[in-house]
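A.B. asks: Output the structure for:
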Amino acid sequence: MKRFLKVLLFVFLSLVCGIFFSPHYFLPPLARVLIVNELPTKADAAVVLNTDLEIYPRLMAAAELYGRNQVRKVIINGNRKSSVLKDLEKAGYSSCCPWQEERVRILELLGVPRQDIISISLEDAYDTVSEAKGVGAKLITNDEISSIIISTSKTHTRRARYIWEQLFGDKLIISSQAAPKDPFDPSRWWREGRQIRWVLYEYGSWIFYYWKQIAPDASQRQTVDI
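C.D. replies: The predicted model follows:
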């Protein structure tokens, strides 16, 4: 056992030294494995996944798909509401304009007519899984949509496609394309704080996703054992 621990410690220290002295060799693969950018294809709609500042490259990517006649519709979602915001609304607060208006105007500017934009309100969606469940539930009831292209950030493409396929792979044809204007650079991501955050967030999200799948089973086993 002691020998095994020594070997494990040696491998770990070697890896740390390798990353420190040769980051260009060790770190790019950690980022590239997160990215899946499938070949251009045609689908019924582009689904723009919701986010904050990273939403703009995603909208631009969806508009490009529409402009190349690869999709007939662009689907956006939003209108997230925390418990604090809901309390403010109960107290009389109201937004100055509909939640989707900014995004619709951007898509219109980029050549997508308003009538070809589908807006889906998801007040209680808080991550990729709940967003996929909410948007997907609407799409599978739409007879005009049987295939989609997910428009999202580079580091988010693999996880987003995996989640969507797990939930709706038997009902929708799903592909995923990274937003070309997304600034993430897998060849030097460790040099910029926000890109480091994106990579760490994705790996953390993968771990959390699998933990959520395992945790209920573990809890059930514990109950049975007791």
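
A.B. asks: Quick check: mean pLDDT of stretch 211-218?
C.D. replies: Averaging pLDDT along stretch 211-218 yields 68.

A.B. asks: Could you do stretch 53-68 as well?
C.D. replies: On average, stretch 53-68 scores 95.

A.B. asks: What residues sit buried inside that stretch?
C.D. replies: 54-66 (16 or more other Cβ atoms under 10 Å). All C-beta spots, glycine's among them, are computed from the backbone N, C-alpha and C.

A.B. asks: got it, and stretch 101-117?
C.D. replies: So for stretch 101-117, counting by 16+ other Cβ under 10 Å, buried means 103-104, 106-107, 110, 112, 117.

A.B. asks: Over to stretch 33-47?
C.D. replies: So, applying 16+ other Cβ under 10 Å, buried residues of stretch 33-47: 34-36, 43-47.

A.B. asks: Please apply the same query to stretch 165-175.
C.D. replies: By neighbour count on 16+ other Cβ under 10 Å, the buried set for stretch 165-175 is 167-168, 172, 174-175.

A.B. asks: Nearest to Tyr210 among the buried residues of stretch 33-47?
C.D. replies: Leu34 (15.0 Å; Cβ to Cβ).

A.B. asks: Confirm that the closest one lies within a strand, as I assumed.
C.D. replies: No. Going by DSSP: H, G, I helix; E, B strand; the rest coil, the assignment for Leu34 is coil, not a strand.

A.B. asks: Now it. Nearest residue, chain neighbours left out?
C.D. replies: Thr155 (4.7 Å; Cβ to Cβ, 6 or more residues apart in numbering).

A.B. asks: circling back to that earlier point, what's the closest of the buried residues of stretch 33-47 to Ser187?
C.D. replies: Taking Cβ to Cβ as the measure, Ile35 is the one of the buried residues of stretch 33-47 closest to Ser187, at 11.7 Å.

A.B. asks: ok, now which ones touch the closest one?
C.D. replies: Each residue near Ile35 by Cβ atoms under 8 Å, 6 or more residues apart in numbering is listed here: 154-155, 157-158, 178, 186.

A.B. asks: how does it look with 6 Å?
C.D. replies: 154, 157 (Cβ atoms under 6 Å, 6 or more residues apart in numbering).

A.B. asks: Touching, Leu59 and Glu108? I think so.
C.D. replies: No. Distance between Leu59 and Glu108: 10.7 Å, which falls outside the contact criterion (Cβ atoms under 6 Å).

A.B. asks: Let's see which of the buried residues of stretch 165-175 end up in strands.
C.D. replies: Applying DSSP state E to these, the entries found in strands are 174-175.

A.B. asks: now, which of the buried residues of stretch 165-175 sits nearest Asn142?
C.D. replies: Closest to Asn142, out of all of these and judged by Cβ to Cβ, is Leu172, at 10.3 Å.

A.B. asks: how about the nearest residue to the closest one, chain neighbours excluded?
C.D. replies: Using Cβ to Cβ, 6+ apart, the nearest residue to Leu172 is Ile148, at 5.8 Å.
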